[in-house]
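One predicted model, sequence on top.
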Amino acid sequence: MNVRSSPQTAVFVSGSLMGHVAVMTGTGAIGLMAIFVVDLLSLLYVSWLGRPEATAGVGFATIVLYLMISINIGLMIAVSALTARALGAGDRAGAAHRRLDAGADGTRRAGADGDRATRFALAAAPARRP
């Protein structure tokens, strides 16, 4: 399959810098606030069930979630900087390679973190007695 690559114009290289920063920051802030709202509603609902251990579990899971989100935001910034550097140098293949490597690494990391969190939760949970 022979596909001709046409020159593409980048979106965030022309125009007001403050406008671009505001759009990107606003989008990220809305997404982050949505995560906080969902966690608040989850904690509120579980607290209405009247089981303190379930409420504590949701609170602990929220802390772990925020830690993993923080790590992934840091990795996302690093991958974006490396991809932008490759695109700026005109190396589209290198940029795509970095992006795909980061996606595969992120998938592996998410699976390992989920497995680790599940094992910890099962080990830390008190045994139920009938």
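Yes, it's here.

hey, which helix is longest across this protein?
Looking only at the chain and at elements set by DSSP state H, the helix with the highest residue count is helix 52-88.

Just list what the next helix or strand after it packs against, helices and strands only.
Counting by DSSP states H and E, the next helix or strand C-terminal to helix 52-88 is helix 92-124. Contacting helix 92-124 under the criterion 3 or more C-beta pairs under 8 Å, 6 or more residues apart in numbering; DSSP states H and E are the following elements: helix 52-88. The way it works is simple: take the backbone N, C-alpha and C, and place the C-beta from them, glycine included.

in the helix it packs on, what's buried?
For helix 52-88, a neighbour-count test (16 or more other C-beta atoms under 10 Å) marks 55, 58, 62, 79, 82-83, 86-87 as buried.

Settle this for me: Asp117 is touching Val64, isn't it.
No Asp there; residue 117 is Ala. Yes - taking C-beta atoms under 8 Å as the contact criterion, Ala117 and Val64 are neighbours in contact, 6.0 Å apart.

any weak-confidence spans in the chain?
Counting by pLDDT under 70, the chain has low-confidence residues at 1-13, 121-122, 124-130.

can you rerun that using 80?
Within the chain, the ranges that satisfy pLDDT under 80 run 1-15, 72, 91-92, 94-130.

Can you say which helix or strand has His20 in it?
His20 is located in helix 17-48, with elements delineated by DSSP H and E.

and that helix, how far out from the chain's middle?
Counting by C-alpha atoms, centre = their mean, to the nearest Å, helix 17-48 is centred 12 Å from the centre of its parent chain.

And for stretch 116-123?
Average the C-alpha atoms of stretch 116-123, do the same for its chain, and the two points are 21 Å apart (C-alpha atoms, centre = their mean).

contacts for it?
Residues outside stretch 116-123 that contact it (C-beta atoms under 8 Å, 6 or more residues apart in numbering): 57, 61, 64.

list the buried ones in stretch 87-94?
With burial defined by 16+ other C-beta under 10 Å, the residues of stretch 87-94 counted as buried are Leu87.
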